[in-house]
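Novice: coordinates for the following, if possible.
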Amino acid sequence: MSKDFTFSIKSICFDEDYRPSDNTRITTNFANLARGTSRQENLRNTFRMIDNRFNALAHWDNPEGDRYTVKLEIISVEMNIEGESSASALPLIEILKTNIVDRKTGERIEGIAGNNFSSYVRDYDFSVLLLEHNKNQSNFSTPENFGDLHGKLFQCFVNSSAYKNNFKKPPVICLSVSSSKTYRRTENQHPVLGVEYEQDEYSLTDEYFKKMGLKVRYFMPPNSAAPLAFYFVGDLLGDYTNLELIGTISTMDTFQKIYRPEIYNANSAAGKSYQPSLKHEDYSLTRIVYDREERSRLAIEQGRFVEEQFIKPYQAVLEQWSANYAL
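Specialist: Numbering: from 1, shown residues only. The predicted structure follows:
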């Protein structure tokens with residue numbers, strides 16, 4: 001009989017005073033910004049960019065462009081295995097939760113959970129398992145059942161009482177589009193999400209998130225340089241209000257401008273047919289310090305850590321649970 005998994009959720013404000021805890025993945029967007037000598041200036045400029053972007057998109061009844069401010073929470077999820085001590089709870093994922101403060105009315109509006117997505121098991125899958133599988137291969141391929149365990153763990157969490165007691169709506173995760181695919185503009189346009197793009201085939205990330213129970217649509221919001229990939233469960237356009245969607249767009253568009261300026265801070269916007277490229281040279285830098293090479297190196301280190309602390313010691317338990325877990 002397989003063991004049961006339960007989840008516990010911790011929340012911390014992501015503000016100018018945020019410092020990553022010892023067990024936070026240091027490659028996570030928000031943790032990366034909060035390190036080094038420029039940490040406070042980085043954070044202050046990031047939050048200013050998010051608020052400016054939010055107010056530009058939520059422009060109705062907002063003549064001064066300063067009606068709203070976005071407050072962010074870092075949500076850390078730990079997984080407990082039945083029969084194990086609570087001290088051995090395993091850090092599983094971190095997501096961001098947006099909250100919107102309306103300065104005009106004083107109202108605090110709950111935003112969307114998800115946004116940024118940080119996962120220890122995904123680190124292992126992409127930075128250890130996938131690399132080793134393709135080490136001596138002439139043609140790129142994925143290992144058998146690649147992403148199955150991670151997908152089931154994520155769906156187990158989203159369907160858990162822990163998630164449902166803390167969040168009113170399913171998560172929306174917003175990532176960069178893939179530089180290996182070509183996206184084509186459609187005639188569909190949403191007032192907040194912007195122009196919809198489509199592609200002929202899914203990227204590896206799209207397939208991976210599909211195993212997490214998430215569909216994907218690509219939209220380029222007004223005054224953006226490139227489409228964003230939105231991963232969601234139900235109806236992206238119908239399940240969320242405009243302000244909820246703007247909270248996600250303003251947060252993740254800002255992150256992408258910092259981390260992938262070649263795509264999201266390009267000086268010309270995506271055309272009717274668009275292939276993103278990190279080799280694009282006509283772009284502007286933000287004033288925010290970021291070391292992309294360090295982030296790539298640390299992802300491998302953290303993937304190894306997950307392998308040693310989680311995958312190997314609990315391999316039998318995880319395999320048995322995965323085999324018996326019904327989606």
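Novice: what sits against Ile12?
Specialist: Tyr18, Ser21, Glu73, Ile74, Ser76 (Cβ atoms under 8 Å, 6 or more residues apart in numbering). C-beta coordinates here come from the backbone N, C-alpha and C atoms, glycine included.
Novice: next: Glu207.
Specialist: Counting by Cβ under 8 Å, 6+ apart, the residues that Glu207 touches are Gly147.
Novice: in three-state terms, label it for me.
Specialist: Look at Glu207: counting by DSSP: H, G, I helix; E, B strand; the rest coil, its state is helix.
Novice: in this protein, what secondary structure element scores lowest on mean pLDDT?
Specialist: helix 29-33 (a mean of 61; mean pLDDT, DSSP states H and E).
Novice: any chance you could map the strands in the stretch 201-327 of the chain?
Specialist: Shown for the stretch 201-327 of the chain, the strands assigned by DSSP state E, counting those that start in this stretch span residues 215-220, 228-232, 273-274.
Novice: any idea how far Asn52 is from Asn45?
Specialist: Asn52 sits 10 Å away from Asn45, going by Cβ to Cβ, to the nearest Å.
Novice: and the two? Which one has more around it.
Specialist: Ranked by neighbour count (other Cβ atoms under 10 Å), Asn52 and Asn45 place Asn45 first, with 18 against 14.
Novice: list phi and psi for the more buried one.
Specialist: Per-residue torsions, Asn45: phi -70, psi -40 (degrees, to the nearest 10).
Novice: would you check how far apart Ile258 and Glu73 are?
Specialist: In this structure, Ile258 and Glu73 are 19 Å apart, going by Cβ to Cβ.
Novice: and the two? which has more neighbours close in?
Specialist: Using other Cβ under 10 Å, the more surrounded residue of Ile258 and Glu73 is Ile258, with 23 against 17.
Novice: give the contact list for Ile249.
Specialist: Per Cβ under 8 Å, 6+ apart, neighbours of Ile249: Arg53, Leu57, Cys174, Val192, Leu193, Pro221, Leu228.
Novice: ok, now Leu237?
Specialist: Leu237 touches His190, Leu193, counting by Cβ under 8 Å, 6+ apart.
Novice: hmm, 10 Å instead?
Specialist: Leu237 is in contact with Asn188, His190, Val192, Leu193, Glu196, Arg217, Phe219, Phe230, Leu245, counting by Cβ atoms under 10 Å, 6 or more residues apart in numbering.
Novice: my guess is the last one contacts Leu57, does it?
Specialist: In this case it means Leu245. Yes: taking Cβ atoms under 10 Å as the definition, Leu245 is a contact partner of Leu57 at 8.7 Å.
Novice: hey, what's in contact with both of the two?
Specialist: Common neighbours of Leu245 and Leu57 (Cβ under 10 Å, 6+ apart) are Pro191, Val192, Leu193, Pro221.
Novice: in those, which residue is surrounded by the most others?
Specialist: Ranked by the number of neighbours (other Cβ under 10 Å), the shared contacts of Leu245 and Leu57 place Leu193 first, at 26 neighbours.
Novice: now Gln275. Its backbone dihedrals?
Specialist: Note on Gln275: its backbone torsions stand at phi -120, psi 110 [degrees, to the nearest 10].
Novice: got any ranges where the stretch 1-150 of the chain has weak pLDDT?
Specialist: Applying pLDDT under 70 to the stretch 1-150 of the chain flags residues 1-3, 20-36, 83-88.
Novice: how about the helices in it?
Specialist: Secondary structure of the stretch 1-150 of the chain (DSSP state H, counting those that start in this stretch): helices at 29-33, 39-57, 120-124, 130-133, 148-158.
Novice: got a list of contacts for the fourth one?
Specialist: What that stands for is helix 130-133. The set of residues external to helix 130-133 that reach it, using Cβ under 10 Å, 6+ apart, is 124-125, 140-144, 146-147, 204, 208, 300, 303.
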